[in-house]
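# just the structure for this:
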Amino acid sequence: MKIVVLDGYAINNGDITWNDFEQLGDFKVYPRTNKEDIIERAKDAEMILLNKVPMKEETLLQLPKLKYIGVLATGFNIVDVDAAKRLGIAVTNIPNYSTDSVAQTAFAHILNITNKVDYYACENRKGRWSQQSDFCYIDTPIQELTGKTLGVIGLGNIGKRVAEIALAFGLKVKAFTSKKAEELPSGIEKASLNELLSTSDIVSLHCPLTDTTREMINKDTLRLMKPNAILVNTSRGPLVNEHDIAEALHSKLIAAYAADVMCKEPPTADNPLFKCENAYITPHVAWASTEALGRLLDIALSNAKAFINGNPTNVVNP
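Below is the predicted model:
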């Protein structure tokens, strides 16, 4: 069994090893693979593991030995799954491995904005606290979460976890979701999108990217939000129109935007959000806690073994 990892760098934080995978067969890891190198590197592979390397139909047609693609992520739109099915290639993904990690990042952003943690830490590295006459200094408002309203757009595994954390903080929680009101966990109120946007102090995006959700946050929906509202996106970059958000921040339509994802990744240096004082951007790392990476590899190994043993699991193109 020849197994090739086409972009191992994406999930390697320096602490992981591929030792267990090496026991499955002839195993090769490439840190990164350019599009023009895919065929050469994968031409003899029966199994491919990948994260962001695209597998279009024209590529799959040139890989006659390929029987399995293991996507090292939950989203699998990088693979033409319909073409893979026609060609008899199983495609698997890694579900639910990063729920806690992403939810934690969403709240890390929220708490950073409300408590100004990074702001004060940076000021004190410059020596500001040591120059004070008093035991402390406060020059920017700090907010409590208790009693405020969090609006969650999308109530899947991650959205539900964010809602649970919010309730523990004493936040009121509203959700825009396809689920019926009676199906929602205790403490979560079902709301329309317009109601959620207009009444929430914090809005957190956790829905998939579809034709109907693409740029759902735009100049029109931003006008519905409170001027002191915080918008958080740890889901998919194109759920928002980044230029409209930059304009909303400059014009103080909303107070802050926190995101771990962007419309284009890596983003261009001239992205307008990088010039916004109240935009807080992290480089798509919410999924990548040490614990989440460990779960990802465990599930990827289990998926591969199950396929080899003739009982594939987590198949997205059955």
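
# every contact and neighbour count from this point should use C-alpha atoms.
OK.

# any idea how far A121 is from the closest residue to L293 other than its chain neighbours?
Counting by C-alpha to C-alpha, 6 or more residues apart in numbering, L293 lies nearest to I11, which is 6.8 Å off, once chain neighbours are set aside. For I11, the distance to A121 (C-alpha to C-alpha, to the nearest Å) stands at 29 Å.

# which of those two has more neighbours?
Using other C-alpha atoms under 10 Å as the criterion, I11 and A121 rank with I11 on top: 21 against 13.

# give me the pLDDT value at the residue of the chain most remote from its centre.
Using C-alpha atoms, centre = their mean, the residue of the chain lying farthest from its centre is S133. It sits 43.6 Å away. Listed pLDDT for S133 reads 96.

# for N228, give me its contacts.
By C-alpha atoms under 8 Å, 6 or more residues apart in numbering, the contact list for N228 reads D201, I254, A255, A256.

# could I get the residues you listed as CSV with secondary structure?
Shown next, in CSV, are the contacts of N228 (DSSP: H, G, I helix; E, B strand; the rest coil):
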residue, secondary structure
D201, coil
I254, coil
A255, coil
A256, strand
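
# report the buried members of those residues.
D201, I254, A255, A256 (16 or more other C-alpha atoms under 10 Å).

# and stretch 87-103, how far apart are its ends?
From its first residue to its last, stretch 87-103 covers 37 Å (C-alpha to C-alpha).

# again, but for stretch 181-192
With C-alpha to C-alpha as the measure, stretch 181-192 spans 11 Å from end to end.

# who's in contact with that stretch?
The contact list for stretch 181-192 (C-alpha under 8 Å, 6+ apart) reads A163, L167, K172, V173, K174, A175, F176, T177, K180.

# next, the buried residues of that stretch.
So stretch 181-192, judged by 16+ other C-alpha under 10 Å, has buried residues I188, E189, K190, A191.

# taking the residues you listed one by one, which sit in strands?
If you go by DSSP state E, the buried residues of stretch 181-192 have I188, E189, K190 in strands.

# how much space between the residue nearest to L293 and E242?
Distance from I11 to E242, by C-alpha to C-alpha: 27 Å.

# before we move on, what about K172?
Applying C-alpha to C-alpha, the value for K172 to E242 is 27 Å.

# any figure for the gap between Q104 and N233?
Separation of Q104 from N233 (C-alpha to C-alpha): 13 Å.

# of those two, who's got more company?
More crowded of Q104 and N233, by other C-alpha under 10 Å: N233, with 24 against 19.

# ok, back up a step: what pLDDT does the residue nearest to L293 get?
Value for I11, per-residue pLDDT: 83.

# isn't K116 up against D139?
No. Using C-alpha atoms under 8 Å, K116 is not in contact with D139, being 10.3 Å away.

# of the two, who's got more company?
Taking neighbours as other C-alpha under 10 Å, K116 and D139 compare with K116 leading, 15 against 6.

# which ones are touching that one?
By C-alpha under 8 Å, 6+ apart, the residues touching K116 are T140, I142.

# next: P208.
With contact taken as C-alpha under 8 Å, 6+ apart, P208 is in contact with G154, S235, R236.
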